[in-house]
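got a predicted model here, sequence first, then my questions.
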Amino acid sequence: MEKELEVSVVLPCLNEEASVGLCVNRIKEVFAKEEICGEIIVADNGSLDRSREVASSCGAKVVVEQRKGYGAAYLRGLSEAKGKYIIIGDSDNTYDFGDIPKFLEALRSGYDFVMGSRFRGGIQKGAMSFSHRYIGNPILSGLCRLFFHTSLSDIHCGMRAFTREAYLKMKLMTLGMEFATEMVVSALTTNLKTYEIPINYHPRAGESKLSPLTDAWRHIRFMLLYCPVWLYFIPGIIGFILGITLLLVLYKGPFLFLGHRWDAHLMVFASVLCIFSYQILNLGVYAHTYAIRQGFLKYDPLTLFFQRHFNLERGIVLGGAILLMGIGINIFIFGEWFSKHFGALSRIREAILAMTMLVIGLHTIFSSFFISLLFIERKSSSC
């Protein structure tokens, strides 16, 4: 009886003629030694050298992806994987595929997603540049820990393993280098059981395909898109509190601070800051709600609380109350101006506060309509 295929090892490849054969042969040695029933898939991304021929001659299954990108190559290779467990790693000989048994042990014991960690393992001399080792990777991994509450130490380690079921749950789709971050974020947001293994990292064979600044920005951009709390809510809340505090303090009159007299000009700035921050908060609500409804993010306690307590009518009442207060202040200003027969008037502070309340009130009313639209439940059609 044919043995069940247990492991698929997927390697992306772009002009790795010097190393892809070494990787394939090393994996085959591990399969033989550990009696693992597995397959090796090399996803070529348009190599101009003999990478495909070398990989094929060593016994790997070679598939070709015409769309350019690290993620595109992986998505093509992963679509061909038939194993119960999937292990991925670069084909530049930087990772020791002799570590495959350690990854399999974690998966067999019940973990869904297993990451390698070069920082908890060993990085050989010349394997990683100073900027990547001490600046880029620590910062990006730190942001991931901050944004997504994880203890993973090396989110850009290219050697990883996961079950086939976990791969289907992650629903990966990005085509570029941000694919590496998407995989980690998806694993965390879908609550996969994760584990980290110390591994060694070796100098690569051939030229690096990385574009440090561009790739770093793609990773940061992706994390921010998946973390509206840090992109929208924290800046919006800080800005709004600062703006409204300055408005209320300056409404009573100028004050001295750091040897300077702060007056109406700062109040104008505070008004703009308050309105701008309020708009950021509203955008955060839109983006977060849309992402949840589209399945990119999961419901969290804050969103559930907001959904339970928010409705269109309450939004209109709140926005209407703020709007009426602004209108009331304007009526007071106009009444005083009228009583002075439209003569000179000095109510700039009241006017700034009224204008701010008018804008925020109107914004609240119309935002309530849009948020209510996002919350509308669709009825599933039955055939």
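Nice, thanks for sending it over.

CA atoms for contacts and neighbours, from now on please.
Noted.

now do the helix or strand hosting Ile139: which elements does it pack against?
Using DSSP states H and E, Ile139 sits in helix 137-148. Secondary-structure packing of helix 137-148 (3 or more C-alpha pairs under 8 Å, 6 or more residues apart in numbering; DSSP states H and E): helix 179-189, helix 212-225.

how far does the lowest-mean-pLDDT helix or strand in the chain sit from its chain's centre?
Here the helix or strand of the chain ranked lowest by mean pLDDT, DSSP states H and E is helix 301-309, holding a mean of 77. Centre-to-centre, helix 301-309 and its host chain are 22 Å apart (C-alpha atoms, centre = their mean, to the nearest Å).

please work out which residues outside it touch it.
For helix 301-309, the surrounding residues in contact (C-alpha atoms under 8 Å, 6 or more residues apart in numbering) are 289, 375.

buried ones in the helix or strand just after that helix, by neighbour count?
Using DSSP H and E, the helix or strand that directly follows helix 301-309 along the chain is helix 312-339. Across helix 312-339, burial judged by 16 or more other C-alpha atoms under 10 Å covers 312, 315-316, 318-320, 322-327, 329-330, 333, 337.

distance check, the residue nearest to Leu224 when sequence neighbours are not counted against Gly239.
Nearest residue to Leu224, sequence neighbours excluded (C-alpha to C-alpha, 6 or more residues apart in numbering): Leu231, at 5.7 Å. Counting by C-alpha to C-alpha, to the nearest Å, the gap from Leu231 to Gly239 is 13 Å.

between those two, which one's more packed in?
Gly239 (21 against 17; other C-alpha atoms under 10 Å).

hang on, isn't that one packed against Leu273?
Yes: Gly239 is in contact with Leu273 according to C-alpha atoms under 8 Å; the separation is 6.3 Å.

so what sits against both of these two?
With the criterion set as C-alpha under 8 Å, 6+ apart, the contacts of Gly239 and Leu273 do not overlap.

can you name the element that comes right after the helix holding Ile139?
Once the chain leaves helix 137-148, the next helix or strand it forms, by DSSP H and E, is strand 160-163.

in this protein, spot the helix with the most residues.
In the chain, assigned by DSSP state H, the helix with the most residues is helix 264-293.

report the central residue of this structure.
In the chain, the centroid-proximal residue (C-alpha atoms, centre = their mean) is Met223; its distance is 2.0 Å.

who's in contact with the residue nearest to Leu224?
Counting by C-alpha under 8 Å, 6+ apart, Leu231 makes contact with 224-225, 284.

is it in a helix, a strand, or coil?
Classification of Leu231 by DSSP: H, G, I helix; E, B strand; the rest coil places it in helix.

do you know how far it is from Cys23?
When distance is defined by C-alpha to C-alpha, Leu231 is 40 Å away from Cys23.

and if you look at Ala291?
39 Å.

between those two, which has more neighbouring residues?
Neighbour count, other C-alpha under 10 Å: between Ala291 and Cys23, Cys23 has more, with 25 against 17.

identify the residues contacting the more buried one.
91-93, 97.

so the nearest residue to Ile197 once chain neighbours are set aside: helix, strand or coil?
In this structure, Ile197 finds its nearest non-sequential neighbour in Gly116, 4.8 Å apart by C-alpha to C-alpha, 6+ apart. Secondary structure, three-state DSSP: Gly116 is strand.

does Gly116 touch Tyr201 like I think?
No: shown here, Gly116 and Tyr201 do not form a contact pair, counting by C-alpha under 8 Å, at 9.9 Å.

of those two, who's got more company?
Gly116 (29 against 24).

neighbours around Ile139, how many?
15.

how about Phe255?
Phe255 sits with 12 neighbouring residues when counted by other C-alpha under 10 Å.

ranking the helices and strands packed on helix 137-148 by burial, who's on top?
Greatest average neighbour count among these goes to helix 179-189 (a mean of 21), per mean count of other C-alpha atoms under 10 Å.

for that one, which outside residues touch it?
Here helix 179-189 makes contact (C-alpha under 8 Å, 6+ apart) with 70-71, 113, 148, 150, 155-156, 158, 166, 170-174, 194, 219, 222-223, 226, 297-298.
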